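Undergrad: take this sequence and fold it.
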Amino acid sequence: MPGPLLTVTINESLRRGALVGPLLVLGHAVLELTLVLLIFFGLGTFITWPAVKGIIGLVGGLFLLWMAFGILREAAQKKADLQLDGKMQRKRGGLNPFLAGITVSISNPYWSLWWATVGAGSLLLAGNRGLAGVASFYSGHILSDLVWYASVSTAVSKGRKLFTPLVYRIVMGICGLFLCWLAVYFVYSGFGALAKG
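TA: I've put the predicted structure just below:
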């Protein structure tokens, strides 16, 4: 699902190189392992409560909206062009990719809602095969994330020369608009869930 993690992968891969994808997935994987264990031991019912869904939708949606406006403002003000000037920048500022993988994932309401519904259902189904089933589900899920984000990160990093400042700003603008749509959807869904609760 295109979202904040993909946006961070694209942006940071242009700045830091192809290792960004695997490092983001490592942080994402640690967070997901924690959640898998919590669901396996009973948290699954808690995260399906309407009040919890509502809070996740509102808080996550507002965070995504803030993130989207930042991306759109950066693209409109041509600040994004600075990332393409000269040699690839390996900036140390901000969160490192591992921590960004955790932070961006946990703040994404789609991630929480996916685990509360499809992920929890799949995990419980895999649990019918015991610990081996759960381990197989988790490792397959993370491996698919790793393959996807490593491929995106490598393609963006290697194809960096094809990203003119205008193309980069257009890509960031599209990502920003998508995040705006996702944010509005989750805020709306959050209010709906709270109204039901």
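Undergrad: list the buried residues for the helix or strand hosting W148?
TA: Under the criterion of DSSP states H and E, W148 resides in helix 131-158. Within helix 131-158, the residues that count as buried by 16 or more other C-beta atoms under 10 Å are 134, 137-138, 141-142, 145-146, 149-150, 152-154, 156-157. Bear in mind the C-beta positions are built from the backbone N, C-alpha and C, glycine included.
Undergrad: so who does the closest residue to P22 other than its chain neighbours touch?
TA: Closest residue in space to P22, ignoring its immediate chain neighbours: A150 at 5.2 Å, by C-beta to C-beta, 6 or more residues apart in numbering. Contacts for A150 (C-beta atoms under 8 Å, 6 or more residues apart in numbering) come out as 18, 21-22, 25.
Undergrad: this protein: helices as residue ranges?
TA: Ranges of helices in the chain, per DSSP state H, are 4-16, 20-38, 44-46, 50-76, 97-106, 109-114, 120-127, 131-158, 165-196.
Undergrad: would you mind putting those helices into CSV with mean pLDDT alongside?
TA: Output for these, formatted as CSV (pLDDT from 0 to 100):
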stretch, mean pLDDT
helix 4-16, 81
helix 20-38, 92
helix 44-46, 68
helix 50-76, 79
helix 97-106, 87
helix 109-114, 74
helix 120-127, 80
helix 131-158, 93
helix 165-196, 82
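Undergrad: so V152 touches L6, yeah?
TA: Yes - between V152 and L6 a contact is recorded at 6.8 Å, counting by C-beta atoms under 8 Å.
Undergrad: coming back round to it: out of the contacts of A150, who's nearest V187?
TA: If you rank the contacts of A150 by distance to V187 using C-beta to C-beta, V25 comes first, at 27.5 Å.
Undergrad: that's all I had, so thanks and see you.
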